[in-house]
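In: The following block contains a protein sequence and its predicted model.
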Amino acid sequence: MPAIRQTQPPPVPPLPRLPWYARLNVVNVTFILFILAVGVAGWRMRGEADEIDYLASLWGFLQRFFPPDLSAPVRNQVFSAMVETIEIALLATFNSIVISFVLSIGAAQNIAPKWIVVTVRMMLNGVRTIPSLIWALLAVVVAGPGPLAGVIALTFYSIGYLGKFYSEAFESVDIEVARGLRAIGADPIQAFQYGLWPHAKPLVWSYSLWMLEYNIRSAAIIGYVGAGGIGLQLHAYQEFGMWSRFCTVLLCILVVVTLLDFLGETIRRRINRRIARRTLSD
Amino acid sequence: MLKAFADSTVPREDRVATIHTESLGLHQQGRWLFRNLTIQVPPGTFVAVVGPSGVGKTSLLACLAGMRNPTEGAVHYRMSNGTGQPPLAFRRQLGIIFQRLLLTENAPVLTNVLCGRLQQFHFYRTLFGFPAALRKRAFEILHDLGMSAYAYTSVAQVSGGEQQRVAIARALFQEPAVYLADEPVSQLDTYLTGRVLGLLKLEALEQGRSVFCVLHDATLVARFADYSLSLNREEPGEWRLRRLAPEAES
């Protein structure tokens, strides 16, 4: 019977050293660049407005904010301005939903021919590069100051986003189902309505609600350049130094946006859960 | 069971067709799947397409459906009035049960069945749903297939076998001239298999609708099919059409 011999385990090799350049991955490099840029920016800013006593001026400013002016006329004014803000957002979102729906079909690679996709996408990219405040400035120039300018501005602004999101929703759908319907004689619109739309619908609605939420936030600020809504109030109170009223407006925006955030998040989470459950059961 | 199909709105003569293939051949990935396939399938014939996996059965059905262009030869459907049509022009009359089913999973079972009749309407007629009479008939077919409890359940939430029955119901509801069924019973139990193939057989016998059905089970082929068409992997030109049932008296 052979004896079991205890053998010496092979010696552990020394821990290899990681060369310095092996740590240069994209995360580390961009982080170092960011820190360097912050350093440069901070150094360049130094020395501007040194003479102002920041804390004292902040304190003085805050004192003028409180207490917020909650008297009845101000309350009514702020309330009706807030309602106008929400109306601007509602109309702009509705317009952009309709227009984006048509455009996004052209921007979806699995639906439209290549040349249309490229053209529409370039257009949407172009629209997206312009911030909402610039759209508002342009709209005020074209349509004159007022809520209509706000609606026009936010419509254009939203189309850039919704067009992109919708087309991505359409692209996430298996096109074979619609092709199958075409194979048994359905026309293209029917194939879209019955083969593709049921899959894209929850996603499209989820994006639309997000856009509405976003537009209410944007509508609160575009009034600053004259495009209606509560921003107009904000601008006026700031111009005349009525800081306690300014504070009332800010509080109102804060309350509405927080509520909206909460509500939108809840609804969208429920919709997404619906989508997720269906994908899992595939 | 056939009550659902009895009061068809379209006259029967328009709904029967002879399938002609002329020297049909399909070349794919460096090899021929089938060649010189010339057959004539008269109305009311049940043809089982057989052969090992990958031999080209699905591709043959795709050619018959006009979803793929054959490398050589042609398919056309000849109506009783003598006019012939290529598959794409004839597709309104093709009831296809896809191997992948291709159902709209987020839509209810009933809507999926109703989709079988989309080709009968302009899009603006189906924009807001289907007429009540059609909904009723679609439900009857679902009931025949034991699916009446799921009419308003979305397809994603029913089992694989149930989804297969939805696809079958969609084809039956369409009342096509020709059924092209790619393994329509692969996920069904013995009872349902017999029921579904029996329904297709009845469609052939009583309505004169032809059935092209990919089947793997030899006993099912013997039990339901009039002809078996077997494709040959080694010799693509050596396909074989074999009579299984005695010819019906004409």
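Out: Received the coordinates, thanks.
In: Checking the residue in chain A that chain B sits nearest to next. Helix, strand or coil?
Out: When CB to the nearest CB is the measure, chain A has its nearest residue to chain B at residue A:185, with 2.9 Å between them. All C-beta atoms are positioned from the backbone trio N, CA, C, and that covers glycine. The assignment at residue A:185 comes out as coil when based on DSSP: H, G, I helix; E, B strand; the rest coil.
In: Which residues are in contact with the closest residue to it other than its chain neighbours?
Out: Of all residues beyond its chain neighbours, the one nearest residue A:185 is residue B:119 (2.9 Å), with distances taken as CB to CB, 6 or more residues apart in numbering or on different chains. By CB atoms under 8 Å, 6 or more residues apart in numbering or on different chains, the residues touching residue B:119 are A:184, A:185, A:186, A:187, B:91, B:92, B:174.
In: Can you work out which other helices and strands pack against the top helix by length along chain B?
Out: Determined from DSSP state H, the single longest helix within chain B is helix B:190-207. Other helices and strands packing on helix B:190-207, by 3 or more CB pairs under 8 Å, 6 or more residues apart in numbering or on different chains; DSSP states H and E, are strand B:46-50, helix B:160-174, strand B:178-182, strand B:210-214, helix B:218-224.
In: let's see it at 10 Å
Out: Helices and strands touching helix B:190-207, as assessed by 3 or more CB pairs under 10 Å, 6 or more residues apart in numbering or on different chains; DSSP states H and E, comprise helix B:3-6, strand B:46-50, strand B:94-97, helix B:132-144, helix B:160-174, strand B:178-182, strand B:210-214, helix B:218-224.
In: what is the rounded mean pLDDT of the helix or strand that comes right after the second one?
Out: Spelled out, it's strand B:46-50. Going down the chain from strand B:46-50, the next helix or strand is helix B:57-65, by DSSP states H and E. Within the predicted structure, the mean pLDDT of helix B:57-65 is 92.
In: what separates helix B:57-65 from the chain centre, distance-wise?
Out: The chain centroid and the centroid of helix B:57-65 are separated by 11 Å, computed with CA atoms, centre = their mean, to the nearest Å.
In: do the same with stretch B:112-130
Out: Taking the mean C-alpha point of stretch B:112-130 and that of its whole chain, the gap between them comes to 19 Å (CA atoms, centre = their mean).
In: again, but for stretch B:215-224
Out: When distances are taken as CA atoms, centre = their mean, stretch B:215-224 is centred 16 Å away from the chain's centroid.
In: now the residue of chain A closest to chain B: how far from residue A:124?
Out: Here residue A:185 is placed at a distance of 34 Å from residue A:124 (CB to CB, to the nearest Å).
In: I'd guess residue B:229 is in a strand, am I close?
Out: Yes: secondary structure assignment places residue B:229 in a strand (three-state DSSP).
In: can you pull the contacts of it?
Out: By CB atoms under 10 Å, 6 or more residues apart in numbering or on different chains, the residues touching residue B:229 are B:34, B:37, B:39, B:41, B:47-51, B:57, B:60, B:212, B:214, B:239-242.
In: Quick check, residue B:160 in contact with residue B:187.
Out: Yes: under the criterion of CB atoms under 10 Å, residue B:160 lies in contact with residue B:187, with a separation of 4.8 Å.
In: Tell me how many other residues crowd residue A:125.
Out: Close neighbours of residue A:125, defined as other CB atoms under 10 Å in any protein chain shown, add up to 12.
In: Any of the contacts of residue B:229 buried? List them.
Out: Of all the contacts of residue B:229 considered here, the ones buried according to neighbour count by 16 or more other CB atoms under 10 Å in any protein chain shown are B:34, B:37, B:41, B:47-51, B:57, B:60, B:212, B:214, B:239.
In: Out of the helices and strands in chain B, which is least certain?
Out: Counting by mean pLDDT, DSSP states H and E, the weakest-scoring helix or strand in chain B turns out to be helix B:3-6, with a mean of 40.
In: what does chain A give?
Out: In chain A, no helix or strand scores lower on mean pLDDT, DSSP H and E than helix A:54-65, which sits at a mean of 78.
In: Buried residues, that one. List them.
Out: So, applying 16+ other CB under 10 Å, buried residues of helix A:54-65: residue A:65.
In: how about the spatially most central residue of chain A, what does it touch?
Out: Among the residues of chain A, the smallest C-alpha distance to the mean C-alpha position (CA atoms, centre = their mean) belongs to residue A:214, namely 6.1 Å. Residue A:214 makes contact with A:89, A:93, A:132, A:154, A:157, A:158, A:161, A:260, A:264, according to CB under 10 Å, 6+ apart.
In: The closest residue to residue A:106 other than its chain neighbours: neighbouring residues, count only.
Out: Here the nearest residue to residue A:106 in space, its sequence neighbours aside, is residue A:120; by CB to CB, 6+ apart that works out to 4.1 Å. When counting by other CB under 10 Å, one arrives at 21 neighbours for residue A:120.
In: Also residue A:21?
Out: Applying other CB under 10 Å, we find 6 residues neighbouring residue A:21.
In: Check for me that it belongs to a helix.
Out: Yes: assessed with three-state DSSP, residue A:21 lies in a helix.
In: Now do the contacts for it.
Out: Contacts of residue A:21 (CB under 10 Å, 6+ apart): none.
In: What separation do you get for it and residue A:27?
Out: 15 Å.
In: same thing with residue A:192?
Out: Here residue A:192 is placed at a distance of 42 Å from residue A:27 (CB to CB).
In: next one: residue B:156
Out: Distance, residue B:156 to residue A:27, using CB to CB: 38 Å.
In: neighbour count winner among these two?
Out: For residue B:156 and residue A:27, the more surrounded residue by other CB under 10 Å is residue B:156, and the numbers stand at 18 against 9.
In: Which residues are in contact with residue 62?
Out: With no chain named, the answer covers chain A. With contacts taken as CB under 10 Å, 6+ apart, residue A:62 has the following neighbours: A:243, A:247.
In: hmm, I had chain B in mind actually
Out: The contact partners of residue B:62, by CB under 10 Å, 6+ apart, come to A:183, B:26, B:56, B:68, B:69, B:70, B:87, B:96, B:98, B:180, B:182.
In: ok, now residue B:95?
Out: By CB under 10 Å, 6+ apart, the contact set of residue B:95 is A:184, B:116, B:168, B:170-181, B:200, B:203, B:209, B:211.
In: okay, it: pLDDT?
Out: pLDDT for residue B:95: 91.
In: Which residue, neighbours along the chain excluded, lies closest to residue B:31?
Out: Once flanking residues are discounted, residue B:31 sits nearest to residue B:236: 7.4 Å by CB to CB, 6+ apart.
In: Surely the one you found touches residue B:59?
Out: No: taking contacts as CB under 10 Å, residue B:236 lies outside contact range of residue B:59: 11.3 Å.
In: Mutual contacts of the two, please.
Out: Counting by CB under 10 Å, 6+ apart, the contacts common to residue B:236 and residue B:59 are B:26, B:33, B:34.
In: For the residue of chain B most remote from its centre, grab phi and psi.
Out: Largest separation from the mean C-alpha position in chain B: residue B:30, at 28.8 Å (CA atoms, centre = their mean). With angles defined as degrees, to the nearest 10, residue B:30 shows backbone torsions of phi 80, psi 10.
In: swap in the one 5 residues further on?
Out: Geometry field for residue B:35 lists phi and psi as phi -140, psi 160, criterion degrees, to the nearest 10.
In: List the contacts of it.
Out: Applying CB under 10 Å, 6+ apart, one finds that residue B:35 lies in contact with B:23-27, B:71-73, B:232, B:235-239.
In: Just name the closest of the residues you listed to chain A, please.
Out: When these are compared for distance to chain A (CB to the nearest CB), residue B:26 wins out at 17.1 Å.
In: Not counting residues beside it along the chain, what's closest to the closest one?
Out: Taking CB to CB, 6+ apart as the measure, residue B:26 lies nearest to residue B:33, with 4.7 Å between them; neighbours along the chain are not counted.
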